[in-house]
Each structure stands twice: as structure tokens, then as C-alpha cells.
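*Asks:* What follows is a predicted structure for the sequence shown.
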Amino acid sequence: MQLMQLIYQFRWKIWLIAIFSFLIMDNHAFAQQSEEMKAIPSWDMMWGQPGDRIEDLIFSPASGKWMTFTSNDEMLDKPADITTAWIRIKLPMQIPKDSGLYIDDMYTQQASIYIGDRLVRNVKFDFPYDEQRTLLPLSTEDAGNFVYLKLQTSMERLGIHSEIRLDHYAELTRAFIFRDLQNIILGCAFLFISVIMLICSFFLKQVQRSTWISLCLIILTLGMIFLTYSPFLYANFTQFGSIFVDLFDVSLAVFLPSLTYFYEKVFDNGHFKWIRNFRKFQMVYSSISIIFMLFNQLNHYRFVQPYLFFTVTILGIIMIFQFIVIIVLSILFVIRGNKEAVIFSYGFGSFALMGVFDLILYFANNQKYQFFLWKIGVVGFIIALIVILGRRFAINQEQMSNYSKELEFYNHQLQLSEKMEMISSLAASVAHEVRNPLQVTRGFLQLVAARTDDKNKEYMGIAIEELDRASVIITDFLTFAKPQLDELVSLNVSKEISQIEGIIMPLATLNGGHIYVSIPTDLHILGNSSKLKQVLINIIKNSIEAFQVDGQIHIWAYEKNEEVFIHIKDNGEGIEPLQLARLGEPYYSTKTKGTGLGLMVTFRLVEIMKGQIEFKSQKFVGTEVIMKFPLFTEK
């Protein structure tokens, strides 16, 4: 069970390590099997014309026009007026059975491949994409022949940009398939994640949906870019090549404004209007690019060069500017202590760092290195974006929870205020009128009790006690109805508590408990002596009534941050959490015969002395009352 919890806790790290290991091992395997292949050391190339035929080339050889190249040589730049190139490869005099010829990277839109004068393959791209690879099966009869490649293009690149390898056909097939396996797996994984997230977006609130969908678009477009970046699709599904090219361009056009929008929603939040304007500019530019793409396609790609300038050169400049802006703003937010910016910087930094390593390895290997580390960087970047969005949802959920608690608190305070206002009005209008008849009735009962027998005296005593209890309630009403204090003076907390010890100590002893007092002699607050004593007596009396076996009350006070804290703690039966939240409400009491007015008056008295009161309690452990008053110092 602990092992499963540990795996669940670090699941995203394990996933990242697995992807990294897969990419490293797969590329290592590809590199290892590539080393085992036998490279053809050199081949010949010459520029040609679209109307050139293989028969003319074989039977009327123009030996002076051929140029010899090796795998370490750089590819020549295509002259502006040239659209055709011929490649001539000399096969060994002996070829093992089930062999094949593999060219990993060549730039051409149409490749016609001959063995001798026999046409064995013709691949034509009727769309603006010029990266191809080819794998030819060879037989023993092909030994010593020439392999001719007629390469034609309307784009800027033309020729072979990799080694030409001769090996067992099964091994070459494996290399041919695994060459783009990473892109296909990652692309499909991103597409799957984005689809699941889009489905989940229907269950989100409107506030969260926009950021969520922008991240879905980022992951979706990156997955599509991974897939349509792979020459494997164009080589094996040539009939859908134009669709793949269009999907790549549309994905790139959607990715850039989606990234800006996500960044804007998570970090900017409307502070920088120019970011919003830049994002709107990107959306307009992307829309124009898509319209231009459709226009170019409807005109059979007659405007390839202007389109590439518009969607590659200019869009590349916009992309560089966008990344610079994101990096600068991320650094700024990191300096300001934004944790989400730190996560974003880690993700974006990993992507940039892996890209730099790829470039270093590319130039260190004579530009024959196949980029793959940037894919790990993209995975790290996507993980960072998902973590940021998840963290943002958690923060929003916490804010909503806090708002709900605050709303509940203010609603409770409003209800309490309404109850107190009603009681105050009732007390002010009734208390004086009721108190006078009670006093007259009490006086006559005392006279009657003095002239009656013992049996009636007992009844009269009970009646007088109840009248006194009613008088106390009326006094509480009057205190609540008139909360202002007639006189505010400096009170020494230690002296005020020592003056009520004569009342509370015997009461505690009578109930089998003890009171321990520890009050400094130099603590002063501003208030009314009688009202402060009333507050202290009410609270201590409640603690005494809550005594269990060996009851104890600890009273202590201290000064902190220009405030005086008074603690009254008992080890009584304690209060339930739900009951604790209702203390101070009118007519609410935890005692069987309580009216709920005593604590209500206590809260009001503490409030008008500019103090605060807090209750902490645990059932069968005890209750602690903490009162806080402003410290008063003589000027």
C-alpha cells in the first residue's frame, strides 16, 4: 500500500522519466542500428532539365557535368533557374540477398528512381512539401548497376542531405519506421489528452473554461504539429499530403495566439493592454495566413514563394518576438514572487535548453544529427502548463470556499444584528414598565411572608426568588438596550480581578474546584469597572458550572502588540463545535435553565469597551475564553 501511494504521489515524475527514457533509448537504438548499416561512400550529382530522359543520360553520358559528393560534404545551394537534379549511385559488385538501399533525407517534390534504365519508383508531391525518404529493395541481379534519381522541385531545396546506406532490407525497414515513431507517439498522445480535456471543459464553469480551452488548443496544435512534421506520413500516405501540410500550417497559426492568450489569462490579467493587442494582431495575422493558404491551394500552389515568405519568414519573426516577450515578462513575474511564473519559466526554460542542446549536437555532427531533445522540452513545457492550470483551479476553488465562508459569516452576523436590534427595541420599551410592578409585588410578598406560618413562608420564598430571577433578566435587558458606558476610566486588570475573588473563590470551592490567578500588576485598559466585573463574573461563573471532577480554572493575562490579552481556561465538560459557533446569540444557552442573555450581554459589554472575545473548547477537555482589549497607557 505504501508503495502504491508513493507511485501515485510521484506519478508525473515517473511519466516524464519514462518518456525521456523512451526517447533516449529509441534514438540510441536508431543510432546503433545506423552504425551497423553500410554506407555508400560517394555518389554523383548534376543539374538537369525537366525534359531530361533516363535513356539520354545513360546512352549519351555527359561526364563533365557530374559532381562527386560524399556523406560529409555540404549540399550545394540550388541555382535560381534550376528545378531538376540527377543523382547517380554506383552499387557494389556483390549484393547479398534481401538487401535494400535507404536514403534517409532528400529534398525534392518529385522523385523518379531507376535501376539502370528501369523505373522502380515514382513519388510526386502535388503540394508544397519537399522532404522525402526512400527505401528500395535490391536483388543480387542489381549488383554493379547504377541507381539514378531524378529529383524535381519548385521550392528552394534540392538534393540529398544524408548518407546513402546499403544493408539488410529488414533492418532498413525497421530504421525507416522508427525514424518518426517518436513524433507519431507523442503527437497521438497530445491529441488524446486534448480531446479528453475538451470533453471535460463542458463540465467547467464559464470563468474557468476559457483558460482550459486555450490550453487544450495548445496541446492539440502541438500534437498535430508533431504528426504532420513527420515525413513518414507523406511517404506512406501521399494522397493525403496536401491535408497534412494544411493541418501543419493551421496548427502553427492557432498555436501562437493560443499560447499568448493562455499567458495573458494566467499572468497578465489585464495589466498590460499591449499584450492583448498583440494577441489580437496574432489572431488577425493567423486568419490572413489561413485564407492565403486556401487561396494558394485553390490556385494549385502558384503562389508558393510569397506564401512561404508570409507564413515562414514573417511568422518566424513574430514567433521570435513572442518568445522574447514571454521570457522577459516571466522573469519580471518571477522577480515579483509569482510562483506560477516560476513553474512556467522552468517549463519554457527546459524547452529552450533542450533546443540549444539539439543545435549544439547538430553542428558538432556536421549537420547530420537528427533533432529529438526538443521533443522532451515540449513535453516538459506542456507538463508545466498543466501544473499551472491545475494550481490556478486550486486557487480559484480556495477563493470560492473562502467567499462562501465569508458570506456565511456575514449572513450570520446580519441575523444576529437583526435579533439584537429587535431585543434592544423590546427591552427599551418594556423593561422599565415590567420592573416596577415586580418590585411592588416583591415587597408585598415579603410583608405577607412575615405574618404567615412556616409552610407559607417557604412558598413565599420561592416566589420571591423567581421575582429576583426575573429582575436579573430585566437588568440584562436594560444593559443590552443601553450598551454605552457612562464613564470610561483606566482599569488595572489585576485589581479588578482581585476585587471579585471574594465572590468567585467561595463559589468555586463550594463546587469542588480551584481558581488559579496569574495577572501582572501593570496592565491597564480603558473601560467601566462594574461592567468589566460583570463580564468576568459571567464567564467564570459559567466555567464553575461546567466543573467535573477536580475542577480547575486558570486566569492569566499579558500584553502583546499594544493589546491586553485575558485568558480564562477551565477543564470542564466543554462545548460541541456547533454549540460553540452559536454562543452569544439571544436566547441560546447550553444550560438547562439558562436564558442565553448572560453571554449576549457579555459580548455586548466587551464590544463597547472596544474589545474582542473568542471561545475555544473541546468536549470533555475544557473551554478557554480569550478576551482582547486595547492597551491603555498614561500620557
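*Replies:* On my side now, so go ahead.

*Asks:* In a strand, residue 307, correct?
*Replies:* No - Residue 307: not assigned to a strand; according to DSSP: H, G, I helix; E, B strand; the rest coil it is helix.

*Asks:* what about the closest residue to it other than its chain neighbours, how many neighbours?
*Replies:* Closest residue to residue 307 apart from its sequence neighbours, by C-beta to C-beta, 6 or more residues apart in numbering: residue 296 at 4.8 Å. C-beta here means a position set from N, CA and C on the backbone, and glycine is covered the same way. When neighbours are defined as other C-beta atoms under 10 Å, residue 296 has 20 of them.

*Asks:* Okay, and residue 296 sits in which element?
*Replies:* Using DSSP states H and E, residue 296 maps to helix 273-298.

*Asks:* Which strands and helices lie in contact with that helix?
*Replies:* Here helix 273-298 touches helix 241-263, helix 304-308, helix 314-335, going by 3 or more C-beta pairs under 8 Å, 6 or more residues apart in numbering; DSSP states H and E.

*Asks:* Kindly calculate the angle that the last one makes with helix 241-263.
*Replies:* Spelled out, it's helix 314-335. With axes from the mean of the first three to the mean of the last three C-alpha atoms, to 10 degrees as the basis, helix 314-335 and helix 241-263 are set at 30 degrees to each other.

*Asks:* What angle do helix 273-298 and helix 314-335 make with each other?
*Replies:* If you take the same axes, to 10 degrees, helix 314-335 sits at 150 degrees to helix 273-298.

*Asks:* Would you indicate which residues of the helix or strand immediately after helix 314-335 in the chain are buried?
*Replies:* Per DSSP H and E, the first helix or strand lying C-terminal to helix 314-335 is helix 339-364. By 16 or more other C-beta atoms under 10 Å, the buried positions in helix 339-364 come out as 340-341, 343-352, 354, 358.

*Asks:* try stretch 145-161
*Replies:* 145-153, 155, 158-161.

*Asks:* same check, this time on stretch 205-225
*Replies:* Across stretch 205-225, burial judged by 16+ other C-beta under 10 Å covers 211-225.

*Asks:* Go ahead and name everything in contact with it.
*Replies:* If you take C-beta atoms under 8 Å, 6 or more residues apart in numbering as the criterion, stretch 205-225 is touched by 186-191, 193-195, 197-198, 200-201, 204, 247-248, 251-252, 254-255, 258-259, 261-262, 265-266, 378, 382, 385-386, 389, 392-393, 396.

*Asks:* do that again at 7 Å, thanks
*Replies:* Applying C-beta atoms under 7 Å, 6 or more residues apart in numbering, the contact partners of stretch 205-225 are 187, 190-191, 193-194, 197-198, 201, 204, 247-248, 251-252, 254-255, 258-259, 261-262, 265-266, 378, 382, 385, 389, 392-393, 396.

*Asks:* for the buried residues of stretch 205-225, which one is nearest residue 49?
*Replies:* Of all these, the one with the least separation from residue 49 (C-beta to C-beta) is residue 225, at 36.4 Å.

*Asks:* distance of that closest one from residue 249?
*Replies:* Separation of residue 225 from residue 249 (C-beta to C-beta, to the nearest Å): 10 Å.

*Asks:* same question, residue 186
*Replies:* For residue 186, the distance to residue 249 equals 20 Å [C-beta to C-beta].

*Asks:* swap in residue 404?
*Replies:* 47 Å.

*Asks:* who's more crowded, these two?
*Replies:* Between residue 404 and residue 249, residue 249 has the larger neighbour count (other C-beta under 10 Å), namely 23 against 10.

*Asks:* so the more buried one makes contact with residue 312?
*Replies:* No - assessed by C-beta atoms under 7 Å, residue 249 is found out of contact with residue 312, at 9.6 Å.

*Asks:* Tell me how many other residues crowd residue 410.
*Replies:* So residue 410, with other C-beta under 10 Å, has 10 neighbours.

*Asks:* in which helix or strand would I find it?
*Replies:* Using DSSP H and E, residue 410 sits within helix 373-450.

*Asks:* Over to residue 614?
*Replies:* Here residue 614 is assigned to strand 612-618, by DSSP H and E.

*Asks:* In terms of secondary structure, what does that strand contact?
*Replies:* Packing partners of strand 612-618 (3 or more C-beta pairs under 7 Å, 6 or more residues apart in numbering; DSSP states H and E): helix 597-608, strand 622-630.

*Asks:* is it possible to export these to TSV including mean neighbour count and distance to residue 76?
*Replies:* Listed next are these as TSV, based on neighbours: other C-beta atoms under 10 Å; distance: least, C-beta to C-beta, whole Å:
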stretch	mean neighbour count	distance to residue 76
helix 597-608	20	91
strand 622-630	20	86
